[in-house]
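One predicted model, sequence on top.
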Amino acid sequence: MAISEELLRKYAALIARTGANVQKGQVVSLTAAVEISAFAALVAEECYRAGAKKVNMEWMSDAQKRLDFTYADEETLCEVLPWEEEKLKQMTKDLPCRIFIASGDPDAMAGIDPGRIAAVGRARGKVIKPYRSLIDGKHQWVIAAYPSEKWAEKCFPGDPDKVDKLWDAILKTVRVSEEGDPVEAWNAHTQFIQDKAEWLNGQAFSSLKYKSANGTDFSVELIPGAKWEGAGVTNPLNGAFYIPNMPTEEIFTTPMAGRCEGTLVAVKPLSLHGQLVEEFSVTFKGGRAVSCTAKKGQELLEKTIRMDETSCMLGEVALVPKESPVNQCGILFYETLFDENACCHVALGAGFKEVLPGGDGMTVEEAQKKGVNDSIIHVDFMVGADDLDIDGIKPDGTVVPVFRNGTWA
Ligand code: ZN
């Protein structure tokens, strides 16, 4: 492998310190694929150097998951066993720093019945979600990526240098290079995003209108007082500023559930459980997705929209200028962590109660009453066409250009 040990260490340190911002005495839960155990160990070491009390490894395997879905019966797969629940309980006590390193094969689950995947997700979600809700907003977390052979093959089919090329793209988007100091680069980047978020918050728009030549014609109401956020979050329990996604380019908020109209046309494929939905659009009426069309993966998209009562409503709107380094790489990553940072997007499903004033302390039900959608899914899809215009509408009807031709007006 062409990538140097020094560069790998820089990246591992960035994930542990700038990303998760591991504090002295914290427990860390580190999730990574078995194939990348050497890099996971580097990240774990950086966590210990930052003062972690204990780093617990959670090993993943695409191959194992595929075997489970091929051979095990659905009832078995749906079951959350007592020991798994004990682990979740322990998590609500430890409030660990959670680090996820994504390196999966985008096609890992190709050919597996999407209905089966959805049913298992739904059943397990019912048990797992209450525990997740208990730690929401109370722990630091970060998702970063590591290029696997299969993932690289998807992005650069047949290319003998595919893994190096994917490394190159990933490191560009996370601002890690031989010469530069990634920590400094991230400080400047974080500042830019926070300035834009502050501007949006000052404008206090009541709704946004989207228009582009591909057929996107859409308006969405915002929650009065809900904040636009981006780049990083402060853990209210210890004041640690962390960056949940690396890369991150977006400024996002949660819109008013049940208040949007019109059609959004996707500009990039959506990778769901290792399967692709391509060339699709979703039409909303009265805030709910009422229809969708897709050239590929229509059934999977429909099942996703109908995963539960509220998965047809939006939980997120996010603004990303087309100059984003993810977009500049000019490739499809087949991985939401990257592709959602290429351009503007929305998400079906759960919203973020943290965007509400005092939202951290609210129960899910309280946040729901204020308009924050709750669902077992949160699925982003990209709508940021190169000619996308977005207007902000103020409560008095004033129209302010926010985006013109896919970037900040
Ligand atoms: Zn997003």
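That came through, no problem.

Which neighbours in the sheet does the lowest-mean-pLDDT helix or strand in the chain have, and how are they oriented?
Least confident helix or strand of the chain, by mean pLDDT, DSSP states H and E, is strand 270-272 with a mean of 85. The strands beside strand 270-272 in its sheet (DSSP bridges) come out as strand 275-285 (antiparallel).

is any part of the least confident helix or strand of the chain close to the ion?
No. Using Cβ under 5 Å from the ion, strand 270-272 stays clear of the ion, with a minimum separation of 12.9 Å. In short, each C-beta sits where N, CA and C put it, glycine included.

what number of residues lie near the closest residue to the ion within the chain?
Closest contact between the chain and the ion, by Cβ to the ion, is at residue 318 (4.0 Å). Residue 318: 23 surrounding residues under other Cβ atoms under 10 Å.

give the contact list for it.
250, 251, 252, 340, 344, 345, 346, 347, 380 (Cβ atoms under 8 Å, 6 or more residues apart in numbering).

got the CA coordinates for the helix or strand the last one falls within in CSV?
So the one you mean is residue 380. Assigned by DSSP states H and E, residue 380 falls within strand 378-382. C-alpha atoms of strand 378-382 as CSV (Å, rounded to 0.1, in the frame of the first residue of the first chain):
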residue,chain,number,x,y,z
HIS,A,378,-32.8,8.7,8.8
VAL,A,379,-32.1,8.4,5.1
ASP,A,380,-30.4,11.3,3.3
PHE,A,381,-30.7,11.9,-0.4
MET,A,382,-29.0,14.5,-2.6
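
near the ion, which residues of the stretch 301-409 of the chain?
Neighbours of the ion within the stretch 301-409 of the chain, by Cβ under 5 Å from the ion: 318, 340.

quick one, helices of the stretch 301-409 of the chain?
Ranges of helices in the stretch 301-409 of the chain, per DSSP state H, counting those that start in this stretch, are 325-328, 336-339, 364-369.

Next: the stretch 151-300 of the chain.
162-173, 182-203, 298-305.

now stretch 268-283, how far from the centre of its chain.
Computed by Cα atoms, centre = their mean, to the nearest Å, the chain-centroid distance of stretch 268-283 equals 15 Å.

For this structure, which residues are neighbours of the ion?
Contacts of the chain with the ion, taken as Cβ under 5 Å from the ion, map to 250, 252, 318, 340.

What's the local residue count around the second one?
Around residue 252 there are 26 other residues, counting by other Cβ under 10 Å.

Same check on the last one?
By the measure other Cβ under 10 Å, the count of residues near residue 340 is 29.

contacting residues for it?
Per Cβ under 8 Å, 6+ apart, neighbours of residue 340: 250, 318, 320, 380, 382.

Could you dump those into JSON lines with distance to residue 77 added?
Below are the contacts of residue 340 laid out as JSON lines (distance: Cβ to Cβ, whole Å):
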{"residue": "250", "distance to residue 77": "33"}
{"residue": "318", "distance to residue 77": "32"}
{"residue": "320", "distance to residue 77": "35"}
{"residue": "380", "distance to residue 77": "25"}
{"residue": "382", "distance to residue 77": "30"}
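
can I get those in JSON lines with pLDDT?
Converted to JSON lines, the contacts of residue 340 look like this (pLDDT from 0 to 100):
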{"residue": "250", "pLDDT": "95"}
{"residue": "318", "pLDDT": "97"}
{"residue": "320", "pLDDT": "96"}
{"residue": "380", "pLDDT": "93"}
{"residue": "382", "pLDDT": "94"}
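
I'd like to know which of those is nearest to residue 32.
residue 380 (22.2 Å; Cβ to Cβ).

returning to that earlier point: and for the least confident helix or strand of the chain, what's in contact with it?
By Cβ under 8 Å, 6+ apart, strand 270-272 touches 106, 114, 276-278, 280, 297, 300-301, 304, 334-336, 339, 379-382.

My guess is residue 94 contacts residue 25. True?
No. Between residue 94 and residue 25 there is no contact under Cβ atoms under 8 Å: 11.0 Å.

If you count surrounding residues, which of the two has more?
Neighbour comparison, residue 94 and residue 25: the larger count goes to residue 94, with 17 against 10 (by other Cβ under 10 Å).

For the more buried one, give me phi and psi.
phi -70, psi -30 (degrees, to the nearest 10).

measure it to residue 46 for me?
19 Å (Cβ to Cβ, to the nearest Å).
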